[in-house]
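Trainee: Output the structure for:
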Amino acid sequence: MSTKQIAIFASGSGTNAQHIIEYFSENEHVRVRCLLSNSPKAYALVRADNLGVETKVFSKDDLNNSSVVLDYLLERDIDLIVLAGFLLLIPAKLVDRFTVVNIHPALLPKYGGKNMYGHYVHQAVIQNGDKFSGITIHYVNEKYDEGTIIFQDTCEVKPDDTPDTLAERIHQLEYQHYPRIIEQVISQL
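Mentor: Presented below is the predicted three-dimensional model:
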């Protein structure tokens with residue numbers, strides 16, 4: 001059985017990326033081959049480099065209007081693209097060629113779409129008085145947060161929650177479930 005190759009796309013600090021890399025570090029059948037970012041200042045690049053994972057920075061133009069990103073992924077025999085705090089829309093040329101999964105810090109279909117990420121999602125959940133929030137792991141299509149849902153888990157929104165305190169509980173759900181669901185998805189490819 002050949003080793004399945006994962007490419008992680010991240011735009012920010014990279015805590016989910018780090019958990020994913022660490023989760024698969026001892027796996028003989030799945031390898032995080034590379035981490036790509038549209039932000040040269042993303043701390044995810046440092047985390048990946050520290051864990052021995054190849055990194056690449058690309059521009060929005062590289063992603064959308066050239067074959068730079070596609071060629072890079074094809075050269076590395078990538079089987080699965082994992083979005084871990086990646087904020088750009090994935091173009092059809094990648095969605096059509098690869099299986100792509102994302103994690104969203106809310107219970108889709110609520111609080112999804114462009115500009116609904118991180119702090120903004122948690123703030124909206126609290127402002128609307130929702131009793132529960134959670135995570136949604138889903139396949140990615142050409143629209144923000146509209147792909148088929150693979151997995152969801154919930155946590156309570158407490159009366160005294162701030163976006164930061166809610167985010168902490170959401171992060172714990174992400175770390176607990178995302179690597180395991182990625183493993184399930186890639187085992188079916």
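Trainee: Flag every buried residue along the lengthiest helix in the chain.
Mentor: Ranked by residue count, the top helix of the chain under DSSP state H comes out as helix 163-187. The neighbour-count check on helix 163-187 (16 or more other Cβ atoms under 10 Å) flags 163, 166-167, 169-170, 173-175, 177-179, 181-183, 185-186 as buried. The way it works is simple: take the backbone N, C-alpha and C, and place the C-beta from them, glycine included.
Trainee: and that helix, what other elements does it pack with?
Mentor: Here helix 163-187 touches strand 4-9, helix 15-24, strand 80-83, strand 99-104, helix 118-127, strand 132-139, strand 149-156, going by 3 or more Cβ pairs under 8 Å, 6 or more residues apart in numbering; DSSP states H and E.
Trainee: Just put these in CSV and tack on distance to Val46 and mean pLDDT.
Mentor: Output for these, formatted as CSV (distance: least, Cβ to Cβ, whole Å; pLDDT from 0 to 100):
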stretch, distance to Val46, mean pLDDT
strand 4-9, 14, 98
helix 15-24, 10, 98
strand 80-83, 18, 98
strand 99-104, 21, 98
helix 118-127, 19, 96
strand 132-139, 25, 98
strand 149-156, 29, 98
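Trainee: These: which one's closest to Ile90?
Mentor: Ile90 sits nearest to strand 99-104 of all those, at 5.8 Å, using Cβ to Cβ.
Trainee: ok and that closest one relative to strand 149-156, angle-wise?
Mentor: 10 degrees (axes from the mean of the first three to the mean of the last three Cα atoms, to 10 degrees).
Trainee: Alpha carbons only: can I get strand 99-104 in CSV?
Mentor: Taking C-alpha atoms only, strand 99-104 is exported to CSV below (Å, rounded to 0.1, in the frame of the first residue of the first chain):
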residue,chain,number,x,y,z
THR,A,99,-10.4,15.9,-2.6
VAL,A,100,-10.4,19.0,-0.4
VAL,A,101,-11.7,19.2,3.2
ASN,A,102,-12.1,22.1,5.6
ILE,A,103,-13.0,22.7,9.2
HIS,A,104,-15.3,25.6,10.1
